[in-house]
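*Asks:* Any chance you could fold what I've pasted below:
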Amino acid sequence: MYIFEDIVYKSKYEPRLGGYRIICTFDSLRMLTEKELNKIFSWLPYSEDWAIGDVRKNNSYYDNLIFEINNNPNFQTYYSQEGGFTNYLEFYCYPIKHQQGRINSIIVCVSLCAPIVCYGQTSITIDPNFISHNFLAIENVLLVPDDNLKHIEKEIRTILNKNKLVLIDKEFASQDLPDEVYGKMENLNEGEKYLHGLFQWID
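*Replies:* Residues are numbered from 1 along each chain as shown. The predicted structure is shown next:
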């Protein structure tokens, strides 16, 4: 159970015909079906009703979220993926007063195929001539152990709450991808779990 401000957010496994996962939006419970999952794994909208627009032309479902993360007064952000080579948006959020070099940060991955999101602690290296970063590790899904990032995590959760996104938890993210899905993937975010199928990056 996760608490978003005054909203109780529950999720649990309840396999049934045609579906694997009960997920909770902020106003309803619903099942993410096998068909919907496979659409996301294939870079397709999970539903015929899901149309986000173009995030690069500022006319998308995620405009407010992008603005609130990129212009937050409580942390700095490196907006590393905007959907050109990924099926998701990717943000690295870190303290405003930081030194150059490798620092802890929070990566936020927002699907372009469904209103789902995942975050957790990782690292980013900031030097005068380049920026490098690491993708989210399974063991860090929804985990932010660095106390210096706790205020950032709180802000991020508030933004996700406001934008009515569904969090993917570690239990769900760590499920194995079907062999037929993993065998076809060309993903620079290396791995064979649901996390890697939901958030793919190609060259």
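*Asks:* And the strands in the chain, which stretches?
*Replies:* Applying DSSP state E to the chain gives strands spanning 2-4, 7-9, 12-16, 19-24, 29-33, 76-81, 88-94, 101-111, 116-127, 130-133, 166-167.
*Asks:* Now do the contacts for the residue nearest the centre of the chain.
*Replies:* Within the chain, the residue whose C-alpha comes closest to the C-alpha centroid is residue 109; the distance, by CA atoms, centre = their mean, is 2.5 Å. Shown in contact with residue 109 (CB atoms under 8 Å, 6 or more residues apart in numbering): 88, 89, 90, 117, 118, 119, 136, 198, 199. For glycine as for every other residue, the C-beta is placed from the backbone atoms N, C-alpha and C.
*Asks:* hmm, try it at 10 Å
*Replies:* Residues near residue 109 by CB atoms under 10 Å, 6 or more residues apart in numbering: 81, 86-91, 116-120, 135-136, 141, 168, 189, 195, 198-199.
*Asks:* any idea how far residue 161 is from it?
*Replies:* Per CB to CB, to the nearest Å, residue 109 is found 17 Å from residue 161.
*Asks:* Equivalent analysis for residue 145, please.
*Replies:* Counting by CB to CB - residue 145 and residue 161 are separated by 22 Å.
*Asks:* higher neighbour count, those two?
*Replies:* Shown here are residue 145 and residue 161; by other CB atoms under 10 Å, residue 161 has more neighbours (17 against 10).
*Asks:* Please tell me how far that one sits from residue 138.
*Replies:* For residue 161 relative to residue 138 (CB to CB), the value is 24 Å.
*Asks:* now residue 173
*Replies:* Relative to residue 138, residue 173 is positioned 6 Å away (CB to CB).
*Asks:* any shared contact partners between the two?
*Replies:* By CB under 10 Å, 6+ apart, the residues touching both residue 173 and residue 138 are 120, 191, 193, 194, 195, 196.
*Asks:* Can you list which of those residues are found in helices?
*Replies:* Those of the shared contacts of residue 173 and residue 138 mapping onto helices are 194, 195, 196, per DSSP state H.
*Asks:* For those, give me CSV that also has distance to residue 43.
*Replies:* Converted to CSV, those look like this (distance: CB to CB, whole Å):
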residue, distance to residue 43
194, 15
195, 16
196, 13
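*Asks:* Mind listing the residues bridging to residue 118?
*Replies:* Applying DSSP bridges to residue 118 yields these beta-bridge partners: residue 109.
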